[in-house]
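Enquirer: Build me a structure from this.
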Amino acid sequence: MKKLSSSHKKTIALIVGTRPEAIKLAPVIRSLQASDSLQPFTISTSQHAEMTAQVFDSFGITPDLDLRIMRPRQSLWDLTASLSSAIGQVFSGNRFDAVLVQGDTTSALVGGLCAFYHKIPVGHIEAGLRSHDRYSPFPEELNRVMLSRLANWHFAPTEFAASLLLAENIPDESIFISGNTVVDALQWMIHHSKNPDLPVGVPKNRGHLILVTCHRRENIGVPMRSVALAIKHLSEKHPGIHFLFPMHPNPSVRENVLPLLSNQPGITLCEPLNHGEFLSALRHSRFVLSDSGGVQEEATALGKPVLVLRRETERPEGITAGTLRLIGTDVQDVIRETENLIANPAAYEAMTNGSNVFGDGHAAEHITRILEAKLTPPPPARPAAPKAELILMH
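Expert: Numbers count the residues shown, from 1 in each chain. Take a look at the predicted model:
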C-alpha cells in the first residue's frame with residue numbers, strides 16, 4: 001500500500017470498484033491531483049478487476065491501493081462482507097479527511113458505510129437517481145437510497161435528481177448540482193484517444209452497425225435470453241445490419257448469450273472493449289441496444305439513439321431529450337422497436353438530437369471546488385486595527 005502523503009493537503013479517499021465507477025471517477029481523480037489544497041488517494045476494490053484496470057490505464061491513473069476482493073461467482077453478501085472488512089481496515093489504519101463514492105455499486109455502499117463508522121465525511125457523486133423499484137436495478141436502487149442517508153454532500157448530476165433528494169428530506173444545503181462526470185470522461189477521451197479500430201469483421205459504416213450491451217443482474221435468465229433471441233432473428237432477417245456485442249465477464253451473462261449467438265453471421269461477440277474502443281464503437285454505430293446506465297448518458301451526449309432494455313430508468317432526462325426509449329426485453333418488443341429504427345428514417349432522426357442534459361464537461365471541477373470550500377475554509381478575517389485617537393494640541 002502506498003503511504004499517505006505527509007503534505008499539508010487534505011486527503012480524499014476515492015472508492016472505485018467497477019468499470020463505470022472508474023470512468024466517472026477518473027476526471028475527479030485528475031481534478032483533485034491538480035488541486036492546491038486537496039489530494040486523492042484511490043482505492044480500487046477490483047469488483048471489475050480487468051475492466052477497471054483498462055480504464056485507469058486509459059486515463060493515466062495508478063490506484064494507490066488495490067484490495068482485490070472479487071472471487072468467482074461471489075454472492076452479494078460475501079462481497080459485502082469482504083468489502084466491509086478490507087475497507088474498514090484501511091480506514092482504521094489511515095487518516096482521511098473525506099471519502100468519495102460514486103453511483104450505486106456495492107463498493108460504493110460499503111465504502112460510504114465504513115466511512116460513516118469511522119466518522120469520515122462522505123461525498124456521493126451521481127446522487128439522487130431513482131427508479132422507484134427496489135428490485136430494478138438490483139441491488140443498485142436500494143444502494144443509492146441508503147447512500148443518501150449516509151452522505152454529507154450530495155453531488156446531483158441534474159436538477160431533477162436534486163429534486164428527488166429534496167423530496168426525501170435531504171437538506172438543501174448539502175445538495176450540489178454538479179453535472180455528471182461521465183460527460184467529462186467522454187470529452188477527455190474523445191480529445192485524447194486515437195480513435196481505435198473496431199474489432200475485426202465489424203463494419204465502420206455508421207448505417208450498418210448496432211451496438212449491444214446487456215449485463216444487468218435483473219436481466220440475467222429469461223430476459224437476457226429473450227434479447228439474444230431477438231438479435232438472432234434480426235441478424236437473419238436483416239443481413240446488411242451488423243451487431244457488435246462486447247461480452248461482460250460475468251459467467252452468468254455468457255451462459256445466457258453464447259449458446260444463442262456464437263458463430264452467428266452478422267453478430268460479433270467480443271471481450272470487453274476498453275473505454276476508448278467502446279466510445280469508438282458507439283460513435284460508429286447507428287444506434288444502441290443497452291441496459292447500461294452509463295451508455296444512456298454517453299449516447300445522449302453524442303446524439304446516439306438508445307433502445308433501453310429495461311422498463312424503467314433512473315435517467316428520465318434522456319427520455320425527455322429524445323435519445324432514449326424504454327422497450328424492455330420481450331422478444332417481439334425488441335424486434336419491433338429495432339426494426340422501426342432500421343426502416344423508419346423519421347423515427348430514427350427524431351432520436352438523434354444530442355443534449356447536454358447530463359452535464360457540460362466540468363462536473364469534476366465543480367466537485368473539487370466544493371470540496372476545497374468545505375475542507376479548507378479561508379482563515380477568519382483579522383479584526384480591524386483600532387483607529388488612532390486624534391489628540392488636539394492647544
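Enquirer: What confidence value was assigned to residue 49?
Expert: With respect to pLDDT, residue 49 scores 76.
Enquirer: Tell me what residue 101 is bridged to.
Expert: residue 124 (DSSP bridges).
Enquirer: Contacts only, for it.
Expert: Neighbouring residues of residue 101 by CB atoms under 8 Å, 6 or more residues apart in numbering: 14-15, 107-109, 111-112, 115, 122-125, 147, 151. C-beta coordinates here come from the backbone N, C-alpha and C atoms, glycine included.
Enquirer: before we move on, what about residue 348?
Expert: Residue 348 sits in contact with 286, 287, 305, 341, where contact means CB under 8 Å, 6+ apart.
Enquirer: Just to check, residue 177 is in contact with residue 160?
Expert: No: counting by CB atoms under 8 Å, residue 160 is not a contact partner of residue 177; they are 9.7 Å apart.
Enquirer: distance between stretch 188-206 and the chain's centre?
Expert: 21 Å (CA atoms, centre = their mean, to the nearest Å).
Enquirer: what are the C-alpha coordinates of it, in PDB please?
Expert: Taking C-alpha atoms only, stretch 188-206 is exported to PDB below (Å, rounded to 0.1, in the frame of the first residue of the first chain):
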ATOM      1  CA  TRP A 188     -11.400  13.900 -22.300                       C
ATOM      2  CA  MET A 189     -11.300  10.500 -24.100                       C
ATOM      3  CA  ILE A 190     -12.500  11.900 -27.400                       C
ATOM      4  CA  HIS A 191      -9.800  14.600 -27.200                       C
ATOM      5  CA  HIS A 192      -7.000  12.200 -26.200                       C
ATOM      6  CA  SER A 193      -8.000   8.900 -27.900                       C
ATOM      7  CA  LYS A 194      -6.600   8.000 -31.300                       C
ATOM      8  CA  ASN A 195     -10.000   6.600 -32.400                       C
ATOM      9  CA  PRO A 196      -9.200   2.900 -32.000                       C
ATOM     10  CA  ASP A 197     -10.100   0.400 -34.600                       C
ATOM     11  CA  LEU A 198     -13.300  -1.700 -34.300                       C
ATOM     12  CA  PRO A 199     -13.000  -5.400 -33.700                       C
ATOM     13  CA  VAL A 200     -12.100  -7.500 -36.800                       C
ATOM     14  CA  GLY A 201     -15.100  -8.100 -39.000                       C
ATOM     15  CA  VAL A 202     -17.100  -5.100 -37.800                       C
ATOM     16  CA  PRO A 203     -18.100  -2.600 -40.500                       C
ATOM     17  CA  LYS A 204     -17.300   1.000 -39.900                       C
ATOM     18  CA  ASN A 205     -20.300   2.200 -41.900                       C
ATOM     19  CA  ARG A 206     -22.500   4.000 -39.400                       C
END
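Enquirer: which residues are in contact with it?
Expert: So stretch 188-206 is contacted by 26-27, 58-59, 209, 242, 244, 268, 270, 273-277, 279-281, 284-286 (CB under 8 Å, 6+ apart).
Enquirer: out of those residues, which are inside helices?
Expert: 26, 27, 58, 59, 275, 276, 277, 279, 280, 281, 284 (DSSP state H).
Enquirer: Return the member of the residues you listed nearest to residue 95.
Expert: Closest to residue 95 out of these is residue 26 (24.6 Å), distances taken as CB to CB.
Enquirer: Now that closest one. Nearest residue, chain neighbours left out?
Expert: residue 59 (4.1 Å; CB to CB, 6 or more residues apart in numbering).
Enquirer: shouldn't the one you found be in contact with residue 30?
Expert: Yes: because the distance of 6.8 Å satisfies CB under 8 Å, residue 59 is recorded as touching residue 30.
Enquirer: Domain boundaries for this structure, per the record?
Expert: For the chain, automatic domain parsing gives the domain ranges 10-180+360-375, 209-349.
Enquirer: which non-adjacent residue is nearest residue 262?
Expert: Once flanking residues are discounted, residue 262 sits nearest to residue 269: 6.6 Å by CB to CB, 6+ apart.
Enquirer: Where does the prediction get shaky in the stretch 251-394 of the chain?
Expert: For the stretch 251-394 of the chain, the stretches with pLDDT under 70 are 379, 381, 383-394.
Enquirer: quick one, helices of it?
Expert: Remark: helices assigned in the stretch 251-394 of the chain by DSSP state H, counting those that start in this stretch are 251-261, 275-284, 293-302, 316-321, 331-343, 345-349, 363-375.
Enquirer: export the domains of the chain to TSV and tack on distance to residue 187?
Expert: Shown next, in TSV, are the domains of the chain (distance: least, CB to CB, whole Å):
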stretch	distance to residue 187
domain 10-180+360-375	4
domain 209-349	8
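Enquirer: Give me the phi and psi for the closest residue to residue 352 other than its chain neighbours.
Expert: Distances taken as CB to CB, 6+ apart place residue 303 nearest to residue 352, at 5.0 Å, with adjacent residues excluded. Note on residue 303: backbone dihedrals following degrees, to the nearest 10 are phi 70, psi 30.
Enquirer: now residue 361
Expert: phi 90, psi 10.
Enquirer: Just give me the longest helix of this structure.
Expert: Longest helix in the chain, counting by DSSP H: helix 76-93.
Enquirer: in that one, what's buried?
Expert: 79, 80, 82, 83, 84, 86, 87, 88, 90, 91 (16 or more other CB atoms under 10 Å).
Enquirer: That helix: how far from the chain's middle?
Expert: That offset, for helix 76-93, works out to 22 Å (CA atoms, centre = their mean).
Enquirer: Now do that helix: everything it contacts.
Expert: 1, 13, 15, 17, 43, 45, 47, 65, 67, 69-71, 74, 99, 106-107, 109-111, 113-115, 117-118, 120, 139.
Enquirer: Can you name the helix or strand that the spatially closest residue to residue 140 that is not a sequence neighbour falls in?
Expert: Using CB to CB, 6+ apart and skipping the chain neighbours, the partner closest in space to residue 140 is residue 104 (3.7 Å). Assigned by DSSP states H and E, residue 104 falls within no helix or strand.
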